[in-house]
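S.K.: coords please:
(one chain, ligands or ions: 1)
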Amino acid sequence: MEKVVEEVLNRHNNNTSILSVLKDVQEKCRYLPEEAISQVAEGLGVSINEVYEVATFYSFLSTGLLGENVIRICKSTPCFLKSCDVIVETVEKELGIGIGQTTEDNKFSLQLTNCIGACDKAPAMMINDKIYGNLTSEKVIEILKEYK
Ligand code: FES
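M.R.: Below you'll find the predicted structure:
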């Protein structure tokens, strides 16, 4: 972990935002443990509180261990109006987890997020970096099969 954070800090050459560093650390470690937050704070010369505030503000950053595949379902108004709650219920039922939880085999984590830029295809969700739109329960079940 320490080496990973050190490598990210070196790559950013201390000349960047807390958010950019945290995004890169999370990409490598799948989440932001306390040790990483402390190390980033020290490396950027800011307080642990400042780093922690950023780490907990953005829905795409997580201080808890995430699964191999992170499902983020959009909850912003256009998706809400197109019944994103049905999509949430489908994923919850298919995976046996609720929002903010990770499956026992660490294969999936489920989160809600704000707009992911696919409003014209509402309701929409992301799995890792891939966006899926015009979702229906049937479509979601098929998509999840690809990741199981
Ligand atoms: S509101 Fe859901 S993708 Fe924009």
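S.K.: so where do the helices sit in this structure?
M.R.: For the chain, the helices defined by DSSP state H cover 2-12, 18-29, 34-44, 48-57, 77-81, 84-95, 137-147.
S.K.: would you turn those into TSV with mean neighbour count, mean pLDDT and distance to the ligand?
M.R.: In this view, the C-beta of every residue, glycine as well, is placed from N, C-alpha and C. Output for the helices of the chain, formatted as TSV (neighbours: other Cβ atoms under 10 Å; pLDDT from 0 to 100; distance: least, Cβ to the nearest ligand atom, whole Å):
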stretch	mean neighbour count	mean pLDDT	distance to the ligand
helix 2-12	15	90	29
helix 18-29	18	92	20
helix 34-44	18	94	29
helix 48-57	16	94	19
helix 77-81	16	97	3
helix 84-95	18	97	7
helix 137-147	14	97	15
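S.K.: could I get the ones you listed as JSON lines with distance to Ile116?
M.R.: Shown next, in JSON lines, are the helices of the chain (distance: least, Cβ to Cβ, whole Å):
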{"stretch": "helix 2-12", "distance to Ile116": "24"}
{"stretch": "helix 18-29", "distance to Ile116": "15"}
{"stretch": "helix 34-44", "distance to Ile116": "25"}
{"stretch": "helix 48-57", "distance to Ile116": "17"}
{"stretch": "helix 77-81", "distance to Ile116": "9"}
{"stretch": "helix 84-95", "distance to Ile116": "11"}
{"stretch": "helix 137-147", "distance to Ile116": "15"}
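S.K.: distance of Val70 from Asn106?
M.R.: The gap separating Val70 from Asn106 is 11 Å, by Cβ to Cβ, to the nearest Å.
S.K.: between these two, which has more neighbouring residues?
M.R.: The residue with more neighbours, out of Val70 and Asn106, is Val70; 21 against 13, by other Cβ atoms under 10 Å.
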